[in-house]
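>>> Here you go, sequence then predicted model.
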Amino acid sequence: MARISASQSVLHRHRSMLSHYVALTFPRKPASLLDPLPEPTNDGDGARFKSALRWLLSEKGALQALPSSDSRDADHRLDRLIKDIQFEIQRYEQFKEDVWDQEKLAAGLYGLGIDDLATGPLIIDPAVDASLRRKKLEPFILAALLFVTVLHALAASNRLTAQYGLTAFQVMLFGAFMYCNISHGQPRALSDNQLDLLATIPDDI
């Protein structure tokens, strides 16, 4: 029982790690969508992240090798602990994949890079009623930005879903900014300030 309790204590510490911002970097940038996931570097939180994952993998194997005890309760706690550790291993592995996918997104491999958005194809019908002006869009842009702050608050509980939401808002705001610019006779491109705002949405605003 003491062995199980000690393991549960360490597991709790490693479990809380992903509840906070974790900075992972990789030894190279992705070159294609099929580029395999490399191991993170030791920069930032990389060393601590990899150490925690090694402990989870090692501890799972050690606990599985323990013989059955005469206590039914102890065996039940052991089985539960092994399942909890396996769940954390999956969380850590998924987190690495999510960060690698963000690297692919930042590299423009999904076709949503900021440079591509600034000069990419325009999906605006020139015959659209020009009565829809910037002032009518401003409240919706503000609402989108406020909702982005809400997604950031929820990112710790479901990072992948929050990232999808932030990327969707990035695309929506690109269209809103472009429409506002064209409605006022400005160039068919985003201003420097608009590009800066779009670039910060996946991180913070």
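Ah, there it is.

>>> what does the domain assignment say about the protein?
The chain breaks down by automatic domain parsing into domains covering 2-96, 114-200.

>>> residue at max distance from the center of the protein?
residue 70 (44.6 Å; CA atoms, centre = their mean).

>>> which residues does that residue contact?
The contact partners of residue 70, by CB atoms under 8 Å, 6 or more residues apart in numbering, come to none. The way it works is simple: take the backbone N, C-alpha and C, and place the C-beta from them, glycine included.

>>> Can you classify it by secondary structure?
Assigned with DSSP: H, G, I helix; E, B strand; the rest coil, residue 70 falls in the coil class.

>>> Residue 177: neighbouring residues, count only.
By the criterion of other CB atoms under 10 Å, residue 177 has 22 neighbours.

>>> Residue ranges in this protein under the pLDDT threshold?
19, 110-141, 151-162, 184-185, 201-205 (pLDDT under 70).

>>> show me where it has helices.
Secondary structure of the chain by DSSP state H: the helices cover 2-17, 46-64, 72-106, 114-119, 134-154, 159-183, 192-200.

>>> Residue 38 and residue 7, how far apart?
30 Å (CB to CB, to the nearest Å).

>>> re the thing from before, the domains of the chain into a markdown table, with extra columns for distance to residue 105?
A markdown table is the format used below for the domains of the chain (distance: least, CB to CB, whole Å):
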| stretch | distance to residue 105 |
| --- | --- |
| domain 2-96 | 9 |
| domain 114-200 | 7 |
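
>>> Which of these sits closest to residue 103?
domain 2-96 (5.3 Å; CB to CB).

>>> Give me the distance from the closest one to the chain's centre.
Put simply, domain 2-96 sits 18 Å off its chain's centre (CA atoms, centre = their mean, to the nearest Å).

>>> again with stretch 167-187
24 Å.

>>> That one: which residues count as buried?
By 16 or more other CB atoms under 10 Å, the buried positions in stretch 167-187 come out as 167, 169-170, 173-174, 176-183.

>>> and if you look at stretch 78-85?
Quick answer for stretch 78-85 (16+ other CB under 10 Å): 78, 81, 82, 84, 85.
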